[in-house]
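**Q** Quick one, fold the following:
(one chain, ligands or ions: 3)
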Amino acid sequence: MQQIKDYVEANKQRFLDELFELLRFPSVSADPAFKNDVLNAAEFVAGKLRVAGAENVEVCPTAGNPIVYGEKITDPSKPTVLVYGHYDVQPADPLELWKTPPFEPTVRDGKIFARGACDDKGQFYMHVKAFELLQQLGELPTNIKFMIEGEEEVGSKNLGIFVKNNKERLKADVVLISDTSMISLDTPSLETGLRGLSYVEVEVTGPNRDLHSGVYGGAVANPATILAKLIASLHDEHNKVNIPGFYEDVVELTPSEREALNKAPFNENEYKEDLGVNALWGEEGYTTIERTGIRPTLEVNGIWGGYIGEGAKTVLPSKASAKISMRLVPNQKSSVITELFKAHFERIAPPYVKVKVTPHHGGEPVVTPTDSIAYKAAVKAFSTAFGKDAIPTRGGGSIPIVALFEEELGIKTVLMGFGLDSDNLHSPNEKYDIANYYKGIETIPLFHKYFAELSQL
Ligand code: BES
Ligand code: MN
Ligand code: MN
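**A** Ligands and ions are numbered 1, 2, ... in the order given. Take a look at the predicted model:
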């Protein structure tokens, strides 16, 4: 442990400088304008893996953004860890809300502010540095494979194909991912599940063209008004999702499981204050921890239609649209939920409009085992590094590829996240504590050490 701490201490500034270099690539996967930056980020990651000592490093082309692969196999009898992460990031907009430019990492108050600082560049890069550290300090306790992709934020479509076509190359005993949250450095925690996702776009069409809102208003249904009503009807008076069959496959936790989950520290006042809301909202009968971890939800991500430019334009729009996401929990299936949504939305549409529902990417929920050697190794690594036991929690976000690793490769995942829910993921002023970055680089080598040790017992 002391050796690890000393190595981190001696290389602190360089570790930070390298992360800053990575953060300067605007590798936004959603926007084709950044294609070159995405490719440059991939090359940068491959280069750093090579320098750290990885072999067979390759920037693997796909139909979309490349996947960076690298490995260090020292001994086939050692257990193998497949590290997954993503070098792509969400778009930075709205740009005007950033205090400092999103792709010019800036430190304020001990935190790195940049798009991707936490999700996921700052987190996956800890694994590259932990790998370097292990190589420098002696023999690697495990075999390590890296698979860092560039399309996580847009649904990992091509990674799915890559995984199916590279089963032999990706063989491993566990998948290790740092792309989730912990409670805090004082209260370490490990996520033991992720929600799934069903994402749809809806379009409501009224008249065949935009109309003068004085000449026609009052005589023709306004699609924006109808869309608002339809959306409002998707939750009932108990804030439950109002789609028949939506909860059908939801696994209810036992009272003791719920009790255990709610033992995690949660301060409602701080939570409200951080978000600037006066009161919380959610499904009746469940706590905030449950609402964001073990319950399915429906959210409008964006809504538009008609005139939204400067000043006023009197118009009755022909169309109005919205993007809607549903977070899923075991054993809901994204394809089933998408179908239920579509059928319901089409059924409730009044005769004076037409509706169109277009599905986007989806993903399945997962629960990761807590009785595996790998999970135990993670727990032990956390307690050594933090001097405290990690609390198991359930994450609200989604990493759809985790379910696919299980299905296609038969490998379970350990979610060793070092971010905080309040790190402004996908939002302006995304940040990552420098302390969390270094703590991660200290904890990850311990995971490899304990995983190797416990595997031998
Ligand atoms: N790293 C996040 C997921 C996450 C964040 C899990 C915090 C747990 C805690 C990941 O990059 C992400 O944003 N995933 C998307 C899904 C994807 C299909 C766009 C999400 O959750 O919205
Ligand atoms: Mn992520
Ligand atoms: Mn993300």
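**Q** List the single closest residue to residue 362 in space, sequence neighbours excluded.
**A** Leaving aside its chain neighbours, residue 362 sits nearest to residue 334 (3.3 Å; criterion: CB to CB, 6 or more residues apart in numbering). Every residue, glycine included, has its C-beta placed from N, CA and C.
**Q** what residues are up against that neighbour?
**A** Applying CB atoms under 8 Å, 6 or more residues apart in numbering to residue 334 gives the contacts 196-198, 328, 362-364.
**Q** now residue 133
**A** Per CB under 8 Å, 6+ apart, neighbours of residue 133: 4, 7-8, 11, 441, 445.
**Q** Would you tell me what helix or strand it is located in?
**A** Counting by DSSP states H and E, the element that carries residue 133 is helix 121-137.
**Q** again, but for residue 343
**A** If you go by DSSP H and E, residue 343 is part of helix 334-348.
**Q** same question, residue 322
**A** strand 319-328.
**Q** angle of that strand against helix 334-348?
**A** Calculated by axes from the mean of the first three to the mean of the last three CA atoms, to 10 degrees, strand 319-328 forms an angle of 140 degrees with helix 334-348.
**Q** What is strand 319-328 packed up against?
**A** In terms of contacts (3 or more CB pairs under 8 Å, 6 or more residues apart in numbering; DSSP states H and E), strand 319-328 is packed against strand 196-205, helix 223-232, strand 297-305, helix 334-348.
**Q** Which of the three states applies to the residue nearest to residue 285 when sequence neighbours are not counted?
**A** Closest residue in space to residue 285, ignoring its immediate chain neighbours: residue 238 at 7.6 Å, by CB to CB, 6+ apart. The three-state assignment at residue 238 reads coil, by DSSP: H, G, I helix; E, B strand; the rest coil.
**Q** Quick check, residue 238 in contact with residue 286.
**A** No - using CB atoms under 8 Å, residue 238 is not in contact with residue 286; the gap is 10.3 Å.
**Q** Looking at those two, which one has more neighbours?
**A** Shown here are residue 238 and residue 286; by other CB atoms under 10 Å, residue 286 has more neighbours (17 against 9).
**Q** quick one: the strands in the stretch 51-200 of the chain?
**A** 55-60, 67-72, 80-86, 106-108, 111-113, 143-149, 174-177, 189-191, 193-194, 196-205 (DSSP state E, counting those that start in this stretch).
**Q** from the stretch 201-350 of the chain, which residue is nearest to ligand 2?
**A** Closest approach between the stretch 201-350 of the chain and ligand 2, counting by CB to the ion: residue 327, at 15.0 Å.
**Q** Now for the nearest residue to that residue once chain neighbours are set aside, how many residues are close by?
**A** Take residue 327 and drop its neighbours on the chain: the residue closest to it by CB to CB, 6+ apart is residue 195, 4.2 Å away. For residue 195, the neighbour count with other CB under 10 Å is 26.
**Q** Please tell me how far residue 195 sits from residue 188.
**A** Distance, residue 195 to residue 188, using CB to CB, to the nearest Å: 21 Å.
**Q** circling back to that earlier point, contacting residues for the residue nearest to residue 327?
**A** Counting by CB under 8 Å, 6+ apart, residue 195 touches 293, 296, 327-329, 365, 395-398.
**Q** Apply 6 Å and report the result again.
**A** For residue 195, the contact set (CB atoms under 6 Å, 6 or more residues apart in numbering) comprises 327-329, 365, 396, 398.
**Q** Residue 280: how many residues sit nearby?
**A** 12.
**Q** Give me the distance between the residue nearest to residue 362 and ligand 1.
**A** Distance of residue 334 to ligand 1, computed by CB to the nearest ligand atom, to the nearest Å: 10 Å.
**Q** For residue 314, report the pLDDT, please.
**A** Residue 314 is assigned 98 on the pLDDT scale.
**Q** ok, how many other residues are close to it?
**A** Here the count is done by other CB under 10 Å, and residue 314 has 11 residues near it.
**Q** How about the residues of the chain by ligand 1?
**A** For the chain, the contact set with ligand 1 under CB under 6 Å from any ligand atom comprises 119-120, 152-153, 155, 179-181, 194, 197, 361, 363, 395, 397-400, 425.
**Q** 8 Å - rerun?
**A** By CB under 8 Å from any ligand atom, the residues of the chain that approach ligand 1 are 86, 90, 119-120, 152-156, 179-181, 191, 194-195, 197, 199, 325, 327, 361-363, 395-400, 415, 417, 419, 421, 425-426.
**Q** returning to that earlier point: could you export the helices and strands packed on strand 319-328 as a markdown table, including mean pLDDT?
**A** Output for these, formatted as a markdown table (pLDDT from 0 to 100):
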| stretch | mean pLDDT |
| --- | --- |
| strand 196-205 | 97 |
| helix 223-232 | 98 |
| strand 297-305 | 97 |
| helix 334-348 | 98 |
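**Q** Among these, show me which one is buried the most.
**A** Stretch with highest mean neighbour count among the helices and strands packed on strand 319-328: strand 196-205 (a mean of 22; mean count of other CB atoms under 10 Å).
**Q** what's the angle from that one to helix 334-348?
**A** Using the same axes, to 10 degrees: strand 196-205 against helix 334-348 is 30 degrees.
**Q** Which neighbouring elements make contact with the following helix or strand past strand 196-205?
**A** Per DSSP H and E, the first helix or strand lying C-terminal to strand 196-205 is strand 211-212. Using 3 or more CB pairs under 6 Å, 6 or more residues apart in numbering; DSSP states H and E as the contact criterion, no helix or strand is in contact with strand 211-212.
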